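Student: Let me see the structure of the following:
(chains A and B)
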2 protein chains.
Amino acid sequence: MSKITSLDTYDVRFPTSRELDGSDAMNPDPDYSAAYVVVRTDQPHVAGYGLAFTIGRGNDVQKAAIDALAHHVVGLDIAEVTGDLGGFAKRLIGDSQLRWLGPEKGVMHMAIGAVVNAAWDLAARLAGKPLWRFIADMTPEQLVATIDFRYLTDALTPAEALTMLHAAAPTKAKRIAQLLEEGYPAYTTSPGWLGYTDEKMQRLAREAVAAGFRTIKLKVGLNVEDDIRRCRLAREAVGPDVAIAVDANQRWDVPHAIAWLRRLSDVQLAWVEEPTSPDDVLGHATIRRAVAPTPISTGEHTQNRVVFKQLFQANAVDLIQIDAARVGGVNENLAILLMAAKYGVRVFPHAGGVGLCELVQHLAMADFVAITGKKDDRAIEFVDHLHQHFVDPVVIRNGHYIAPQTPGFSAQMHADTLKQYSYPDGPVWCEPVDVAKAQ
Amino acid sequence: MSKITSLDTYDVRFPTSRELDGSDAMNPDPDYSAAYVVVRTDQPHVAGYGLAFTIGRGNDVQKAAIDALAHHVVGLDIAEVTGDLGGFAKRLIGDSQLRWLGPEKGVMHMAIGAVVNAAWDLAARLAGKPLWRFIADMTPEQLVATIDFRYLTDALTPAEALTMLHAAAPTKAKRIAQLLEEGYPAYTTSPGWLGYTDEKMQRLAREAVAAGFRTIKLKVGLNVEDDIRRCRLAREAVGPDVAIAVDANQRWDVPHAIAWLRRLSDVQLAWVEEPTSPDDVLGHATIRRAVAPTPISTGEHTQNRVVFKQLFQANAVDLIQIDAARVGGVNENLAILLMAAKYGVRVFPHAGGVGLCELVQHLAMADFVAITGKKDDRAIEFVDHLHQHFVDPVVIRNGHYIAPQTPGFSAQMHADTLKQYSYPDGPVWCEPVDVAKAQ
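Tutor: Sure thing, here's the model as predicted:
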């Protein structure tokens, strides 16, 4: 029997605040970071990789939370984990003592997500398939067995999920071929960071359109006059046929969001992302009613499936973001994708950060093949950033994500990256010029 | 200028799982624990004390999260902190990098709560007042200045809060005298743990009534037949005039809660606590409508003021629990108490655990004196457990909390407790018999 021998964790941080990449109304100076986890086994070259994404301080807390899960993982037979990915995730979520620290939210839940994702990575590698294909090749019954329906049955039952999956099953092969040929649409946030000048934003917006992107996203929320000007300049740059979304990163109270968005109403917006607290389901519903038909959206900070359920039940959003590393792993994201499909809400996955593009593309592609059959009315976020640190980095061509072919979940980082960017002892953080920044 | 010199943290755990005290439907074997924090200063005998409560595993993660806040605290002038408790809390909550780990929920938010509470403890000690009195003696303007109204203004504005506090101000002195004379009503959960036999439950229920308690609470949710029997036996034991509440500790999905509570409908229940996920505002509203007039309640796991706001807006609860150590400290609990007052929802504070009784009594008493003027239609939970470890333990007389007189927030533990129960190196955890348990 092959065993899991260790759960190794790493505090990896990139000094992105030096360039103002990633700056928005709530996050002026992030240092993109990962609490990175490797599930090692007694087999040579057999391991699973996962991560929780943070923006700097606190990455050590996130790493400690992953370490706290080791006793649920180390010593298990590999087959116990990969053969029952639903049971594995449930045991982590169900640890009654650790559950008190959430439940199912924040640091502890992201830690569970990182470990659960590493288990899926391991399972897909052993199956010799990229994760999207590993999911797509599951039977409806196998897929449903991975999902924890606790707290969901008033919105989605296992039987309903099975019905949806069975309806999609006969045409999966056709969509796999289509995906391999066409890729999956991407949109880009690269032009829109708040720290950029108007000129840089317009130049990057034009470059994005030239590169084949059909949607760009701008950060907003610091100053309404600036936002109006930047939206108009962006429209000038991209022309009438490319969609413009904006992202307020939770900046507003409900009345402020409504007043602000009315000022922006003459800019045709594809969506407004995170207008207020990610916890405020009713607030999103109120904003959406008040500014209709402007589409409202949230999700990158939505803590778990229970809050997504309510967003759907309350008609609070026109579309959602999912994030591969915020909730409790692949299993919970499958539950969210199934609910979104049932409620007819389009999904525009959140990416960027560290490895989020690499991870979330698999979920969107699995959704297209096995759940909704739709991809051309939605898109995955893309930021061209830090991909060089991954062994199987995303490939973007003509504004589309190309379907990964390498087995696994694409989360593995290069060994040299782990050394160079290790915090606080890696060389990047030890050079004299960086000491003040690293405080 | 007096300075804060360190933020010292301690992993303190009590092996309560050995006795099944504290067992409920979701938490079969808790080891009640505290991530304990001391804000030390350069003045002899001047310090502030706080804690985050956990139930065992993960207490080290909670401690690491408190450590991550040290740079916001160490080196400050004491007066900068105690003179602007609102600004102090906002800086902790507003750390944009740490905020990513929540925002404002779970491990990181409880850590902020522990440090913020320690700052209030320090301020009250320096003022020579117990915390409830320190709050009660604030002017309405001073109290409102401590509150972060972000994400609340669609439910409660600073102006509305001021109006409420000004209305209560002229009669505060009268209520202070009344509180000192009468105490504040308590209810007890001591008889109701799931691990207890029927006989032990009935004996403890009779003892509770004899001791002056007018409400007891039973844990439910594992088996409906057991629950019906235990509720009937409890009613036999306490007679017709003592209220019986039940607590399901998040055990049910929405449809299950409705079906289960209909089976219990012939037991007159004071309230049903945590029928489902604490994140499910709409679920609580659905359950409440379906089982009316049975009163529905939640709050001990409610992550922050934004979720409480929605519970009020959605008419999802008849009453709430607040917890002194779950949200971001005194400031956020004052916001929650003000919203509860505006929406006419009664507050039955959650206590028990480690130090939760000691802490939350101050908040309930401040609410009575400075906000609602009400106490006899509500009660603070009481569990007679672990109080001996505190320097200023709660005093219960004839079913009432006696108002504390010692300056501060009553969170300070005995030095010997920190030594004995330190995890994993304290003697309680090192004896051979305990090694297996401590794994």
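Student: For the stretch 1-150 of chain A, give me the ranges with low pLDDT.
Tutor: A:20-22 (pLDDT under 70).
Student: rerun that using 80 as the cut-off
Tutor: Scanning the stretch 1-150 of chain A with the threshold set as pLDDT under 80 gives A:1, A:19-28.
Student: who in it is up against chain B?
Tutor: Applying Cβ under 8 Å from any Cβ of the partner chain, we find that the stretch 1-150 of chain A lies next to chain B at A:26-31, A:54-58, A:60-62, A:64-65, A:68, A:71, A:95-110, A:149-150. Backbone N, C-alpha and C define where each C-beta goes, glycine included.
Student: Buried ones among these?
Tutor: For the residues of the stretch 1-150 of chain A next to chain B, a neighbour count by 16 or more other Cβ atoms under 10 Å in any protein chain shown gives the buried set as A:26-27, A:29-31, A:54-58, A:60-62, A:64-65, A:68, A:95-110, A:149-150.
Student: so of the residues you listed, which ones are in helices?
Tutor: Here DSSP state H is the test, and these give A:60-62, A:64-65, A:96-99, A:106-110 as lying in helices.
Student: farthest-separated two in these?
Tutor: Spatially, the most separated pair among these is A:60 and A:96, at 25.4 Å (Cβ to Cβ).
Student: Point me to the residue of chain A nearest chain B.
Tutor: residue A:106 (2.2 Å; Cβ to the nearest Cβ).
Student: Let me know whether that residue touches residue B:108 as I believe.
Tutor: Yes. Taking Cβ atoms under 8 Å as the definition, residue A:106 is a contact partner of residue B:108 at 6.2 Å.
Student: anything in contact with each of those two?
Tutor: B:101, B:102 (Cβ atoms under 8 Å, 6 or more residues apart in numbering or on different chains).
Student: Please name the nearest non-neighbouring residue to the residue of chain A closest to chain B.
Tutor: Of all residues not flanking residue A:106 in the chain, residue B:106 sits nearest, at 2.2 Å (Cβ to Cβ, 6 or more residues apart in numbering or on different chains).
Student: my read: that neighbour touches residue B:301, true?
Tutor: No. Assessed by Cβ under 8 Å, residue B:106 is found out of contact with residue B:301, at 10.2 Å.
Student: May I have the phi/psi pair for residue A:221?
Tutor: phi 120, psi -10 (degrees, to the nearest 10).
Student: List the residues that contact it.
Tutor: Residue A:221 touches A:24, A:25, A:26, A:227, A:248, A:249, A:251, A:252, A:260, counting by Cβ under 8 Å, 6+ apart.
Student: if I look at the residue nearest to residue A:106, how far off is residue B:113?
Tutor: For residue B:106, the distance to residue B:113 (Cβ to Cβ, to the nearest Å) stands at 11 Å.
Student: What of residue A:92?
Tutor: 25 Å.
Student: The stretch 301-439 of chain A against chain B: which residues are in contact?
Tutor: Counting by Cβ under 8 Å from any Cβ, the residues of the stretch 301-439 of chain A near chain B are A:301, A:303, A:304, A:306, A:307, A:309, A:310, A:313, A:314, A:439.
Student: please redo it, this time with the cut-off set to 6 Å
Tutor: A:306, A:307, A:310, A:313 (Cβ under 6 Å from any Cβ of the partner chain).
Student: I'd say residue A:58 and residue B:98 touch.
Tutor: Yes. Under the criterion of Cβ atoms under 6 Å, residue A:58 makes contact with residue B:98 at 4.6 Å.
Student: Those residues of the stretch 151-300 of chain A touching chain B, which are they?
Tutor: Those residues of the stretch 151-300 of chain A that sit near chain B, judged by Cβ under 6 Å from any Cβ, are A:151, A:153, A:154, A:253, A:254, A:255, A:277, A:279, A:280, A:282.
Student: Make sure the first one is actually in contact with residue A:308.
Tutor: Put plainly, it is residue A:151. No. Using Cβ under 6 Å, residue A:151 is not in contact with residue A:308, being 10.9 Å away.
Student: Pick out whichever of these two has more residues nearby.
Tutor: Legend: neighbour count by other Cβ atoms under 10 Å in any protein chain shown for residue A:151 and residue A:308, higher for residue A:308 (29 against 22).
Student: For that one, which non-adjacent residue is spatially closest?
Tutor: Nearest non-adjacent residue to residue A:308 (Cβ to Cβ, 6+ apart): residue A:336, at 4.8 Å.
Student: tell me how far the ends of stretch A:16-30 are from each other?
Tutor: With Cα to Cα, to the nearest Å as the measure, stretch A:16-30 spans 6 Å from end to end.
Student: try stretch A:379-396
Tutor: Per Cα to Cα, the first residue of stretch A:379-396 is 12 Å away from its last.
Student: what about that stretch, distance to the chain center?
Tutor: When distances are taken as Cα atoms, centre = their mean, to the nearest Å, stretch A:379-396 is centred 12 Å away from the chain's centroid.
Student: same thing with stretch A:312-325?
Tutor: So, by Cα atoms, centre = their mean, the centroid of stretch A:312-325 is 12 Å from its chain's centroid.
Student: Residues contacting it, please?
Tutor: Stretch A:312-325 is contacted by residues A:52-53, A:113, A:271, A:281, A:284-285, A:295-297, A:299-300, A:311, A:333, A:336, A:339, A:343, A:345-350, A:359-360, B:282 when judged by Cβ atoms under 6 Å, 6 or more residues apart in numbering or on different chains.
Student: sorry, back to before: quick one: the residue of chain A closest to chain B and residue A:52, what's the gap?
Tutor: 11 Å.
Student: do residue A:216 as well
Tutor: 28 Å.
Student: quick one: which of these two has more around it?
Tutor: residue A:52 (29 against 24).
Student: which SSE is the more buried one in?
Tutor: strand A:47-54 (DSSP states H and E).
Student: same for that strand, what does it pack against?
Tutor: With contacts defined as 3 or more Cβ pairs under 6 Å, 6 or more residues apart in numbering or on different chains; DSSP states H and E, strand A:47-54 has these neighbours: strand A:33-41, helix A:106-127.
Student: Indicate each strand paired with that strand and its parallel or antiparallel sense.
Tutor: strand A:33-41 (antiparallel) (DSSP bridges).
Student: Can you list the neighbours in contact with the strand it pairs with?
Tutor: A:2, A:4-10, A:12-13, A:47-54, A:56, A:59, A:62-63, A:66, A:78, A:114, A:118, A:122, A:354.
Student: go on, stretch A:4-16?
Tutor: A:22, A:31-34, A:36-42, A:59-60, A:63, A:66-67, A:70, A:73-74, A:76, A:418, A:421, A:423.
Student: The same query, at a cut-off of 7 Å, please.
Tutor: With contacts defined as Cβ atoms under 7 Å, 6 or more residues apart in numbering or on different chains, stretch A:4-16 is touched by A:22, A:30-42, A:56, A:59-60, A:63, A:66-67, A:69-70, A:73-76, A:78, A:81, A:354, A:386, A:417-418, A:421-423, A:428-429, A:434, A:437.
Student: Which members of the residues you listed are classed as buried?
Tutor: Looks like the contacts of stretch A:4-16 have A:22, A:30-41, A:56, A:59-60, A:63, A:66-67, A:69-70, A:73, A:76, A:78, A:81, A:354, A:386, A:417-418, A:421-423, A:428-429 buried, using 16+ other Cβ under 10 Å.
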